[in-house]
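**Q** Got a sequence here, can you build the structure:
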Amino acid sequence: MKDLTGWMRTFITVVDAASFSRAAARLELPQSTVSRQVGALERHLGAALLKRTTRSIALTSEGQVYYEAALRALAAVDEAEAAVGLHGALGGQVRLTAPLTLAQSRVIAMLADFQRLQPRIEIDLRVSDHALNLVSDNLDFAIRVGAIGDSRSIARRIGTARRVMVASPAYLAQSGVPRQPADLAAHNCLSYSLLATGNKWVMGEGLPIEVSGNFRADSPDALRAAALAGIGIAVNARWLFEDDLASGRLVELLPHCSPADMPIHLVMPPGRYVAARARALADHLIAAFAADPLLRS
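**A** Predicted structure coming up:
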């Protein structure tokens with residue numbers, strides 16, 4: 001009996017991976033099996049779906065039409081299974097990425113709540129402050145803070161990162177307390193090297209303030225540690241400093257014109273089939289972000 005659904009999933013994986021060998025690795029199948037299934041699908045349809053060369057593959061015109069239709073068809077299959085009660089017994093793996101400190105402070109607890117509801121779903125979380133490639137890293141979706149660089153991606157705003165400016169009591173005792181944004185020019189400001197605006201800090205609705213300092217890091221945790229050590233003033237998401245602010249280890253500065261908020265998006269790769277298990281997890285996270293007073297938009 002022809003396994004059309006299985007062939008379709010294999011074909012979509014090959015297209016998304018742009019490689020039979022990478023598709024085989026993702027599907028955990030021999031490459032010969034992947035090639036055989038795509039060939040069987042082409043014979044069934046009576047049309048060539050892929051142009052194959054020794055170095056690359058590309059969709060034919062028929063393949064492009066079929067790829068888009070297959071995405072819709074597999075989504076309908078998942079929805080049909082959910083409609084007859086299979087949604088409560090979803091299984092398989094969902095791969096996602098999120099920034100380190102957001103994952104530690106919020107997302108992992110949300111994932112734990114989800115797995116209590118869906119214990120058969122396996123979650124593969126890639127924690128990184130760098131923007132991983134959703135397609136080449138075979139990720140179902142990403143949670144990202146800040147502007148979305150890839151306009152082809154499917155992005156939905158799910159929350160807001162409220163940022164604060166902090167310093168240790170020891171630093172402030174030695175260097176003084178800034179009373180207005182212009183005072184930052186006389187202070188050692190710690191730079192987050194992944195911040196798109198670089199050494200320009202946007203305060204509230206005002207213009208960017210040029211700052212400088214002798215410490216830079218590509219990790220929010222490193223900035224927090226530097227602030228705690230009294231090196232200088234740091235700016236980042238409030239969730240990073242919650243415990244330190246509550247305990248007095250760090251002090252919030254310029255609360256009347258705090259750093260501009262940043263959007264939080266859930267991002268999916270363009271054109272990819274989204275499995276029911278991935279949609280279920282995405283919906284859970286969207287609801288959890290909306291329920292968190294520190295994260296909701």
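**Q** for the stretch 101-250 of the chain, what spans make up the helices?
**A** 108-117, 169-175, 220-228, 238-247 (DSSP state H, counting those that start in this stretch).
**Q** Comparing these, which comes out most buried?
**A** Mean neighbour counts were compared across the helices of the stretch 101-250 of the chain using mean count of other Cβ atoms under 10 Å; the top stretch is helix 220-228, at a mean of 20. From N, CA and C alone the C-beta is placed, and that goes for glycine too.
**Q** Which strands or helices does it pack on?
**A** Under the contact criterion of 3 or more Cβ pairs under 8 Å, 6 or more residues apart in numbering; DSSP states H and E, helix 220-228 touches helix 100-102, strand 234-237, helix 238-247.
**Q** Other residues contacting the second one?
**A** Where contact means Cβ atoms under 8 Å, 6 or more residues apart in numbering, the residues beyond strand 234-237 that reach it are 101-102, 145, 161-167, 189-190, 192, 201, 220, 223-224, 226-227, 259, 262.
**Q** same thing with the longest one?
**A** Applying Cβ under 8 Å, 6+ apart, the external contacts of helix 238-247 come out as 101-102, 105-106, 161-164, 166, 220-221, 223-224, 227-228, 249-252, 294-295.
**Q** Now it - C-alpha only, PDB.
**A** Provided in PDB are the C-alpha atoms of helix 238-247 (Å, rounded to 0.1, in the frame of the first residue of the first chain):
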ATOM      1  CA  ARG A 238      14.300  43.100  34.000                       C
ATOM      2  CA  TRP A 239      14.000  39.400  34.300                       C
ATOM      3  CA  LEU A 240      17.800  39.200  34.400                       C
ATOM      4  CA  PHE A 241      18.000  41.300  37.500                       C
ATOM      5  CA  GLU A 242      14.800  40.500  39.400                       C
ATOM      6  CA  ASP A 243      16.400  38.700  42.300                       C
ATOM      7  CA  ASP A 244      19.300  41.200  42.600                       C
ATOM      8  CA  LEU A 245      16.900  44.200  42.700                       C
ATOM      9  CA  ALA A 246      14.700  42.600  45.300                       C
ATOM     10  CA  SER A 247      17.700  41.800  47.500                       C
END
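**Q** Which strands or helices does whichever helix or strand comes after that helix pack on?
**A** Heading C-terminal from helix 238-247, the first helix or strand you meet, by DSSP states H and E, is strand 251-253. The contact analysis (3+ Cβ pairs under 8 Å, 6+ apart) places strand 251-253 against strand 163-167.
**Q** What's the mean pLDDT across the strand it packs on?
**A** Mean per-residue pLDDT for strand 163-167: 97.
**Q** and what of stretch 283-295?
**A** pLDDT averaged over stretch 283-295 gives 95.
**Q** follow-up on the earlier one: who wins for proximity to residue 206 among the helices of the stretch 101-250 of the chain?
**A** Proximity to residue 206, assessed across those by Cβ to Cβ, is greatest for helix 238-247 (19.3 Å).
**Q** Touching, residue 6 and residue 37? I think so.
**A** Yes. Counting by Cβ atoms under 8 Å, residue 37 is a contact partner of residue 6 at 6.9 Å.
**Q** So the two - more neighbours on which side?
**A** residue 37 (22 against 13; other Cβ atoms under 10 Å).
**Q** Find me the pLDDT at the more buried one, would you?
**A** At residue 37, pLDDT is 94.
**Q** so is residue 29 in a helix, a strand, or just coil?
**A** Following DSSP: H, G, I helix; E, B strand; the rest coil, residue 29 is assigned to coil.
**Q** Any idea how far the helix or strand bottoming out on mean pLDDT in the chain is from the middle of the chain?
**A** When the helices and strands of the chain are scored by mean pLDDT, DSSP states H and E, helix 61-83 comes last with a mean of 80. Mean C-alpha position of helix 61-83 versus that of the full chain (Cα atoms, centre = their mean, to the nearest Å) differs by 25 Å.
**Q** Past it, which element shows up next along the chain?
**A** Downstream of helix 61-83 (by DSSP H and E), the next one is strand 92-98.
**Q** For the nearest residue to residue 9 once chain neighbours are set aside, give me its contacts.
**A** Spatially, and ignoring its direct neighbours in sequence, residue 9 is nearest to residue 74 (6.6 Å; Cβ to Cβ, 6 or more residues apart in numbering). Neighbour list for residue 74: 5, 8-9, 12, 273, 275 [criterion: Cβ under 8 Å, 6+ apart].
**Q** Which of those scores worst on pLDDT?
**A** Within the contacts of residue 74, lowest confidence goes to residue 273 (68).
**Q** Show me the shaky parts of the stretch 151-297 of the chain.
**A** 151, 271-273 (pLDDT under 70).
**Q** how's this protein carved up into domains?
**A** With domains defined by automatic domain parsing, the chain comprises 4-83, 89-152+263-291, 163-260.
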